[in-house]
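S.K.: sequence first, predicted model second:
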Amino acid sequence: MKAEPMLKEGALQGKTIIVTGGGTGLGRSMVKYFLELGANIVICSRKLDVLEKTAQELMQETGGQVLPIACDVRKYNEIEAMLQATLEKFGRVDVLVNNAAGNFVSPTERLSHKAFDVITDIVLKGSYNCTLALGKHWIEQKQQATILNIVTTYAWTGSGYVVPSACAKAGVLAMTRSLASEWAKYGIRSNAIAPGPFPTEGAWTRLFPKQLADKLDPVKRIPVGRFGEHQELANLAAYLVSDYASFVNGEVVTIDGGEWLYGAGEFNAFDMIPQEMWDAMEKQMRGKGQ
Ligand code: HXC
Ligand code: NAP
């Protein structure tokens, strides 16, 4: 399948969007589509060389404007500086996408407290730092705005072997829902997307090292039988940050091909039972109630 762009031309015209971690992976793919829809973009992360390369490539491909800024989302002063640079370049900012993340798989008892901090600092602290800095600005300016947080489905199911990430994403989801109530009176919407597996170098090298991917085959856990396509996620993100979604607030939209429910449903693994075995089992079971 090849997903098509969804929104109509110019759907994000005049909006300035900050995407944290926008130089790579899903962040980059969302940025590309936002540019195609007419938005001005600011991308930030720690590696300026990566950001500059992405900015150059995407400006060339789309004809849009991208400002790359080195900013570690764990450092509040760097976020304030990014906001100032954004205002100087584009005059305004309308949308924040909290997409930056860090993660690795490990049995929890093997983690040092520093390892736990490293992940929660990027994901939870990074997201609330950006949200707070931008929120204060928007409220002071009396400006309508939108926050989109990229979480995961284990924000609510939890998951072994990624406990710091699960704790942090759960916190980001709680923030999404809390601010949807508290800041709506200022015209600020907060929503989240919970993606299932979408191949990116960042996630794949850290979470599905080759020796594991060969053994576990993550596609088998997805009822639609494939990974997500970046354009599918970009379509959803563009909708949620656009004015078409102006009544959507406090929502978390799952885009995982049914993966988490498949893992949760008691009998879903019965998929593996062939028709002949169903015939035999039905014969055995029917009529037993009399
Ligand atoms: C146990 C580990 C570890 C591991 C690092 N540490 N890797 N502990 N198992 N595999 C520990 C170190 O020992 C150290 O603690 C502490 O973590 C920090 O170490 P660093 O050397 O700073 O870590 P480093 O490996 O350089 O960087 C970790 C990172 C990095 C910051 C998370 O990988 C990163 O920059 N990631 C950003 C991109 C990313 O992770 N993208 C994936 C997002 S995917 P001590 O105490 O020993 O000093 C995602 C998908 C979710 O979120 C859902 C998918 C379906
Ligand atoms: P990725 O390419 O590794 O993206 C993570 C980005 O975060 C990188 O660009 C990284 O850039 C940036 N980053 C890390 N630490 C930072 C910090 N302290 N300050 C600023 N930026 C920082 O991974 P991805 O797969 O695209 O993930 C994007 C988002 O989707 C994440 O929130 C992830 O949890 C979520 N997600 C992904 C999947 C998936 O299957 N891919 C599934 C569920 C959820 P620098 O290294 O330059 O800082």
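M.R.: Cool, the structure landed. Ligands and ions are numbered 1, 2, ... in the order given.
S.K.: ligand 1 contacts on the stretch 101-250 of the chain?
M.R.: The interface of the stretch 101-250 of the chain toward ligand 1, taken as CB under 6 Å from any ligand atom, is made up of 101-104, 106, 110-112, 114-115, 118, 152, 165, 197, 202-203, 206-207. Placement of C-beta: from N, CA and C, glycine included.
S.K.: OK, contacts around residue 134?
M.R.: The contact partners of residue 134, taken as CB atoms under 8 Å, 6 or more residues apart in numbering, are 18, 83, 93, 96, 145, 147.
S.K.: and the strands in the stretch 151-290 of the chain?
M.R.: Under the criterion DSSP state E, counting those that start in this stretch, strands of the stretch 151-290 of the chain are mapped to 188-195, 252-255.
S.K.: again with the stretch 1-150 of the chain
M.R.: With strands called from DSSP E, counting those that start in this stretch, the stretch 1-150 of the chain shows them at 16-20, 40-45, 66-70, 95-98, 145-150.
S.K.: who are the packing partners of the last one?
M.R.: For strand 145-150, the elements it packs on are strand 95-98, helix 126-141, helix 163-182, strand 188-195, helix 230-241, judged by 3 or more CB pairs under 8 Å, 6 or more residues apart in numbering; DSSP states H and E.
S.K.: so what strands line up beside that strand?
M.R.: According to DSSP bridges, strand 145-150 has the following sheet partners: strand 95-98 (parallel), strand 188-195 (parallel).
S.K.: out of the strands of the stretch 151-290 of the chain, deepest packed?
M.R.: For the strands of the stretch 151-290 of the chain, the stretch with the most neighbours on average is strand 188-195, a mean of 23; neighbours defined as mean count of other CB atoms under 10 Å.
S.K.: related to what we said a few turns ago, which stretch among the strands of the stretch 151-290 of the chain comes nearest ligand 2?
M.R.: Distances from ligand 2 to each of the strands of the stretch 151-290 of the chain were compared using CB to the nearest ligand atom; the shortest belongs to strand 188-195, at 4.0 Å.
S.K.: is the closest one positioned near ligand 2?
M.R.: Yes - residues of strand 188-195 contacting ligand 2 under CB under 6 Å from any ligand atom: residue 195.
S.K.: can you check stretch 24-32 too?
M.R.: Yes - part of stretch 24-32 sits close enough to ligand 2 to count as contact by CB under 6 Å from any ligand atom, namely 24-27.
S.K.: what residues does that stretch touch?
M.R.: 17, 19-22, 41, 43, 45, 50, 54, 58, 61-62, 66, 97, 99-100, 150, 195, 198, 200-203, 230-231, 233-234, 237-238.
S.K.: could you pick out the buried ones from those?
M.R.: Taking 16 or more other CB atoms under 10 Å as the criterion, what is buried in the contacts of stretch 24-32 is 17, 19-22, 41, 43, 45, 50, 54, 58, 62, 66, 97, 99-100, 150, 195, 198, 200, 203, 230-231, 233-234, 237-238.
S.K.: coming back round to it: a markdown table for the strands paired with strand 145-150, including mean pLDDT?
M.R.: Output for the strands paired with strand 145-150, formatted as a markdown table (pLDDT from 0 to 100):
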| stretch | mean pLDDT |
| --- | --- |
| strand 95-98 | 99 |
| strand 188-195 | 98 |
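S.K.: near ligand 2, which residues of the stretch 1-150 of the chain?
M.R.: Taking CB under 6 Å from any ligand atom as the criterion, the contact residues of the stretch 1-150 of the chain with ligand 2 come out as 20-21, 23-27, 45-47, 50, 72-74, 99-102, 122, 126, 150.
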